[in-house]
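Peer 1: I would like to see how this sequence folds:
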Amino acid sequence: MTLASVVLLALKTSIALNVFALGLNSTLLDATHLFHRPKDLAKAFLSMNVVMPVFAALMVSSFALHPALKIALVALSVAPIPPVLPNKALKAGGRGSYTIGLLVAMSLLAIVVVPTVLQILQRVFKVPIGMSVSSVGLIVVATVLGPLVAGICIHRIAPGFALRFANPLGLLSTVMLVVGALPILITTFSSFGLLVGNGTIATLVAFVVVGLATGHLLGGPNPEDRPVLALATASRHPGIAIAIAQTNFPQQKLAMTAVILYLLVNAIVAIPYLRWIKRTSDISKPAAERQPIRSNT
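Peer 2: Residues are numbered from 1 along each chain as shown. Just a heads-up that it's a prediction; the model follows:
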């Protein structure tokens, strides 16, 4: 077994464990939350599957960007929520039911939406690009739906066991993800220089900022849902984005590098937004909740 295959196995296992741990803390009502709220589902669909592909198409057609960046932008704009996003959204104060419901709804819809949107973009740009329903479905089931459903079932059958092991498994998945991602970052770091320049960083920053702003505006009326949809709109499933790029443009080796560079930019750009969310959330709380009670002595 090669080092590359070991790293890939570690990443896949960590993602599955992460989603499985989420499922251990979730219920069927959480998973179907958005399907019972069609208005919220429609807003999420508009934010993720309409605004972002249109924005990516405008950027690709309007600017002389590196071909690998163009491929990455289009692929990312149609990719669904990444499996690791719920943890970040929950830490930002998002409601568990909305977060899990959004993950399930957008993952299910992605099986049909991704091939459909790619077909539309193919006609717009006159460039062969596509991905089969079965290919998208396999990735979605393996990385999101399968582990999540398994966790929910165990939560239903043995809630005590589920609650006891959810956090340790979540921590283990995070460690495995970091360990597995390090070799990829090290090997692709030297390739970043081939992409940086000609507006690459500015384009990726714009993509993330537009995603955060769009999701935040459409995430109401509950303020706790806004950061969840904002992060979901700005953050996309790198596995599906890379699969789209490699399937349609195997000769463009830098497309995967562009996706990894996007992940780094996304993490950095989201920091001030998350701090702003935390600050505004603290301000909106009653004073008794924001400040510790001091003794009069």
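Peer 1: same for the helix or strand Leu182 falls within, what does it pack against?
Peer 2: Using DSSP states H and E, Leu182 maps to helix 159-195. Packed against helix 159-195, as judged by 3 or more Cβ pairs under 8 Å, 6 or more residues apart in numbering; DSSP states H and E, are the following elements: helix 3-24, helix 146-157, helix 254-284. For glycine as for every other residue, the C-beta is placed from the backbone atoms N, C-alpha and C.
Peer 1: Make a markdown table out of those and add distance to Ile184 and mean neighbour count.
Peer 2: What follows is those, written out as a markdown table (distance: least, Cβ to Cβ, whole Å; neighbours: other Cβ atoms under 10 Å):
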| stretch | distance to Ile184 | mean neighbour count |
| --- | --- | --- |
| helix 3-24 | 7 | 19 |
| helix 146-157 | 21 | 18 |
| helix 254-284 | 7 | 17 |
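Peer 1: nearest to Gly197, of these?
Peer 2: helix 254-284 (12.0 Å; Cβ to Cβ).
Peer 1: and the closest one, what other elements does it pack with?
Peer 2: helix 67-78, helix 159-195, helix 200-218, helix 226-234, helix 238-248.
Peer 1: ok, and what's touching the last one?
Peer 2: Helix 238-248 is contacted by residues 15, 71-72, 74-76, 78-80, 82, 110, 114, 118, 128-131, 135-136, 139-140, 143, 252, 255-256, 259-260, 262-263 when judged by Cβ atoms under 8 Å, 6 or more residues apart in numbering.
Peer 1: What is the burial count for Leu34?
Peer 2: Using other Cβ atoms under 10 Å, Leu34 is surrounded by 24 other residues.
Peer 1: That one reaches Phe45, doesn't it?
Peer 2: No: counting by Cβ atoms under 8 Å, Leu34 stays clear of Phe45, with 9.5 Å between them.
Peer 1: Overlap of the contact sets of the two?
Peer 2: By Cβ under 8 Å, 6+ apart, Leu34 and Phe45 have no common neighbours.
Peer 1: picking up where we left off before, can you say which of the helices and strands packed on helix 254-284 is packed in most?
Peer 2: Counting by mean count of other Cβ atoms under 10 Å, helix 226-234 has the highest mean neighbour count of those, with a mean of 28.
Peer 1: other SSEs contacting that one?
Peer 2: helix 38-46, helix 85-91, helix 96-125, helix 200-218, helix 254-284.
Peer 1: Would you reformat these as a markdown table and include distance to Gly180 and mean pLDDT?
Peer 2: Below are the helices and strands packed on helix 226-234 laid out as a markdown table (distance: least, Cβ to Cβ, whole Å; pLDDT from 0 to 100):
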| stretch | distance to Gly180 | mean pLDDT |
| --- | --- | --- |
| helix 38-46 | 29 | 94 |
| helix 85-91 | 16 | 84 |
| helix 96-125 | 21 | 89 |
| helix 200-218 | 23 | 95 |
| helix 254-284 | 13 | 87 |
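Peer 1: Of all these, which one is nearest Phe55?
Peer 2: helix 200-218 (5.4 Å).
Peer 1: For that closest one, which helices and strands make contact with it?
Peer 2: In this structure, helix 200-218 packs against helix 38-46, helix 52-62, helix 67-78, helix 226-234, helix 254-284, with contacts taken as 3+ Cβ pairs under 8 Å, 6+ apart.
Peer 1: Now render the ones you listed as TSV, adding distance to Arg95.
Peer 2: As requested, these are exported to TSV (distance: least, Cβ to Cβ, whole Å):
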stretch	distance to Arg95
helix 38-46	11
helix 52-62	23
helix 67-78	26
helix 226-234	7
helix 254-284	13
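Peer 1: Can you tell me which of those helices is nearest to Ser190?
Peer 2: helix 254-284 (9.4 Å).
Peer 1: residues contacting Thr200?
Peer 2: Thr200 makes contact with Leu65, His66, Leu69, Ala258, Leu261, according to Cβ under 8 Å, 6+ apart.
Peer 1: Next, the contact list for the first one, please.
Peer 2: Which is Leu65. Taking Cβ under 8 Å, 6+ apart as the test, what Leu65 contacts is Met59, Leu73, Asn198, Gly199, Thr200, Thr203.
Peer 1: Tell me which two of those sit farthest apart.
Peer 2: Going by Cβ to Cβ, the pair spanning the contacts of Leu65 furthest: Leu73 and Asn198, at 13.5 Å.
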